[in-house]
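**Student:** Coordinates for the following, if possible.
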Amino acid sequence: MNKAARYDFEIMQGSPLTLDVYWLDSSKTAINLTGYTAAMKIKKSKDDTIALLSLTSSPAAGLTIEASSGLVTISITTAQTASLLYDLMYYDLVLTEVSTGEKQRLVEGTITLNKGVT
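**Tutor:** Here you go, the predicted structure:
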């Protein structure tokens, strides 16, 4: 298993978020994701057993895979971002090769919540 990339980002509470993540090899060529599923969890702390938000590609719930381009699109709705309450959260995005069950953590990091004033 390769080391996961680190990417920290900000969510505007009450606004939708779309984020594209590509899986590329060392020569920056897309890795084909045919036969993979994706899952992402957002937690208050890395050790929490309960996720604040869970997204999956199968069944389709917030994650979409475009296999040939190595792309996973993360889509978090307005209602989902509005339900997030913590200033700092942790996430990871894991790909699973369906035929073997092998998992690859593609990216991980922190999420800062930008709470609205109005």
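
**Student:** pretty sure residue 98 contacts residue 36?
**Tutor:** Yes. At 6.8 Å, residue 98 counts as touching residue 36 under the criterion of C-beta atoms under 8 Å. C-beta coordinates here come from the backbone N, C-alpha and C atoms, glycine included.

**Student:** of those two, who's got more company?
**Tutor:** residue 36 (23 against 11; other C-beta atoms under 10 Å).

**Student:** Tell me how far the more buried one lies from residue 42.
**Tutor:** In this structure, residue 36 and residue 42 are 20 Å apart, going by C-beta to C-beta, to the nearest Å.

**Student:** quick one: low-confidence ranges for this protein?
**Tutor:** Within the chain, the stretches with pLDDT under 70 are 1.

**Student:** now the strands for it?
**Tutor:** In the chain, the strands defined using DSSP state E lie at 5-6, 9-12, 17-22, 36-43, 53-57, 60-61, 63-66, 71-76, 88-97, 103-114.

**Student:** Out of those, which one sits most buried?
**Tutor:** Each of these was scored by mean neighbour count; the highest is strand 36-43, a mean of 20, by mean count of other C-beta atoms under 10 Å.

**Student:** who's in contact with that one?
**Tutor:** 50-58, 62-63, 65, 67, 72, 74, 84, 89-98, 106, 111 (C-beta atoms under 8 Å, 6 or more residues apart in numbering).

**Student:** Could you save the strands of the chain as JSON lines and add columns showing distance to residue 29?
**Tutor:** Formatted as JSON lines, the strands of the chain follow (distance: least, C-beta to C-beta, whole Å):
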{"stretch": "strand 5-6", "distance to residue 29": "16"}
{"stretch": "strand 9-12", "distance to residue 29": "25"}
{"stretch": "strand 17-22", "distance to residue 29": "10"}
{"stretch": "strand 36-43", "distance to residue 29": "16"}
{"stretch": "strand 53-57", "distance to residue 29": "22"}
{"stretch": "strand 60-61", "distance to residue 29": "26"}
{"stretch": "strand 63-66", "distance to residue 29": "15"}
{"stretch": "strand 71-76", "distance to residue 29": "13"}
{"stretch": "strand 88-97", "distance to residue 29": "17"}
{"stretch": "strand 103-114", "distance to residue 29": "16"}
